[in-house]
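**Q** Have a look; sequence and predicted model below, questions after that.
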Amino acid sequence: MALVRKDITAEVRGRPVWLASGFFAAVVLVVFVFALDLRVENKAALGPGALWIAVLFSGIIGIGRAFASESDYGRMDRLLICPVDRRAIFVAKLLGTMLFVSLVLVVLLPVFGVLFGLAVLRLDIIGVLLLGALGIATVTTLFSAGTTHSAAREILLPLIAFPLLLPVMIAAVKATEGIITPVVNDSPWVGLLIAYDVIFLSIGMLTFGQVMDE
Amino acid sequence: MQTTAPSSHAEASQARTPVAGVDWRHLTWRDPALVLLAASAVLMPIAVWLALVVAPVAADSGGSAARILYFHVPYAILCSVAFFVVLVASALYLWRRDTRWDSLARAAAEVGVLYTSLMLILGMFWGQAAWGQPWDWSDPRLTTTFIMWLIYVSYLLLRFYTGRTEQSARVAAVLGIAGFADVPIVHYAVSWWRSIHPPTDYFVNSNGSAAIPPSGIVTLLFSFAALTALMVAFILIAYRQDRATVALREARLALDVDGAE
């Protein structure tokens, strides 16, 4: 867990990336307000989708950096010769990423509430947001570790992560919609969300050591 | 799968074959790929004739366009099979670190994407006839299938852009495993959600009897056999091509030739 503390310290002492990502997400929301011709009668239908796209975009940009501090200074090798389980590294990076996403949400949610006029500071919505963020964080952490060496990393990570995350996004958007405008007899979207989180987490735990092994 | 694994010696000799022109002496009837291609070439016209002329057409599903079924369904089943091969080969590659499994995953993904594309295109023609529109984003089966197609296209793009390092092969293997998470959803989409797509048990009545006449079943068997033979042949050929690329690259590296990656 020293690894989590190291990343947090670096984040606190340096220029905070989460703040930039949070504002980037807010800017994405503002773009949506104009691009979607937002009105009172359609904001409940368009809001969840816009919120999730903002989370995904800012997440991909910020989270892709999960291993940036290691790869930028050639520290990856030193991290790997540490006598710790690879899974511990994965969990530590994942925790750091989740913390990062939570901070982005802290910036994003109030902005969303004001722009879309929807009450989103509710426990159930935040729960869904964290579940979706966990899926995004797991997939991007797993693949950002593997693509740090690649020249086309900036484009490859979203290219891989977006299709994989589409089911997560669908479930998350539908679950958020279901909370804002309750639907009778709705599908168990939260269940699907949890199922995907569990699947991706297990795959991450099982294969992360293989990806990192040099 | 075992037949597709030539020894490293054989690969080295393949790499030494003259480049100018094809050496046809290598092509014998003992080659399973050639046998399968020939079998497919015989079966395919029969399947097409059965599907277009002999097989019956249900009145409620787009008239003659419903004949698309006899190719659409085998494509759909076989692309799942191909992606299952990607899953298994990727897992075995991570476990055993044998690049032959990596080549197999690559080959199966290529053919799987080809089959998925054909299935989607045929499905869109049928959709135009039966539903009046080629695509419907509100439908879960169509949406999940499209996501599956996207995942494996991104797999191929990853392989294309990251070159042939061990690291990139391992990342691709993880994607080959994680990507399969969507495939069961595609299968169950028709029963979990309301869908305009016919369900998986379309061919069976509630009492267990076949819902389509015997001639329809025979047609399906023929098209399924033809497309299976073709798929295995394609995977074999793509696999060998990849092994040849690997062998060529290794030979170049050994000789330290300029232009090797």
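**A** Cool, the structure landed.

**Q** In which helix or strand does B:His187 reside?
**A** In this structure, B:His187 sits in helix B:183-192 according to DSSP states H and E.

**Q** which residues make contact with that helix from outside it?
**A** A:167, A:187, B:80, B:83-84, B:140-141, B:143-145, B:148, B:195, B:197-200 (Cβ atoms under 8 Å, 6 or more residues apart in numbering or on different chains). All C-beta spots, glycine's among them, are computed from the backbone N, C-alpha and C.

**Q** Next one, pLDDT for the nearest residue in space to A:Thr97 that is not next to it in sequence please.
**A** Excluding the flanking residues, the one nearest A:Thr97 by Cβ to Cβ, 6 or more residues apart in numbering or on different chains is A:Ala137, at 4.1 Å. If you check A:Ala137, the pLDDT there is 85.

**Q** Buried residues of stretch A:123-141, list them for me.
**A** A:125, A:128-129, A:131-141 (16 or more other Cβ atoms under 10 Å in any protein chain shown).

**Q** Would you write a PyMOL line that selects the buried entries of the contacts of helix B:183-192?
**A** Isolation of the buried members of those (16+ other Cβ under 10 Å) is achieved in PyMOL through the command below:
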select buried, (chain A and resi 167+187) or (chain B and resi 80+83+140+141+143+144+145+148+195+197+200)
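
**Q** In helices, which of the contacts of helix B:183-192 fall?
**A** Assignment to helices by DSSP state H places the following of the contacts of helix B:183-192 there: A:167, B:80, B:83-84, B:140-141, B:143-145, B:148.

**Q** and which of these is nearest B:Leu122?
**A** B:Thr145 (12.1 Å; Cβ to Cβ).

**Q** ok now do the closest one, which residues does it touch?
**A** Contact analysis of B:Thr145 by Cβ under 8 Å, 6+ apart lists B:116, B:119-120, B:186.

**Q** Return the list of helices and strands in contact with the helix or strand encompassing A:Ser202.
**A** A:Ser202 is located in helix A:189-212, with elements delineated by DSSP H and E. For helix A:189-212, the packing partners by 3 or more Cβ pairs under 8 Å, 6 or more residues apart in numbering or on different chains; DSSP states H and E come out as helix A:86-116, helix A:123-147, helix A:153-180, helix B:166-178.

**Q** circling back: the helix holding B:His187 to helix A:189-212, inter-axis angle?
**A** On the basis of axes from the mean of the first three to the mean of the last three Cα atoms, to 10 degrees, helix B:183-192 is oriented at 170 degrees to helix A:189-212.

**Q** Tell me the buried residues in helix B:183-192?
**A** B:183, B:185-187, B:189-190.

**Q** Which of those sits closest to chain A?
**A** B:Ile185 (6.3 Å; Cβ to the nearest Cβ).

**Q** for chain B, which helix is longest?
**A** helix B:214-255.

**Q** Give the rounded mean pLDDT of that helix.
**A** In the prediction, helix B:214-255 has an average pLDDT of 90.

**Q** show me where pLDDT drops low in chain A?
**A** A:1-4, A:6-18, A:38-41, A:62-84, A:146, A:148-153, A:184-187, A:212-214 (pLDDT under 70).

**Q** Recalculate using a threshold of 80.
**A** Applying pLDDT under 80 to chain A flags residues A:1-23, A:33-46, A:58-89, A:93, A:96, A:116-123, A:144-155, A:180-188, A:209-214.
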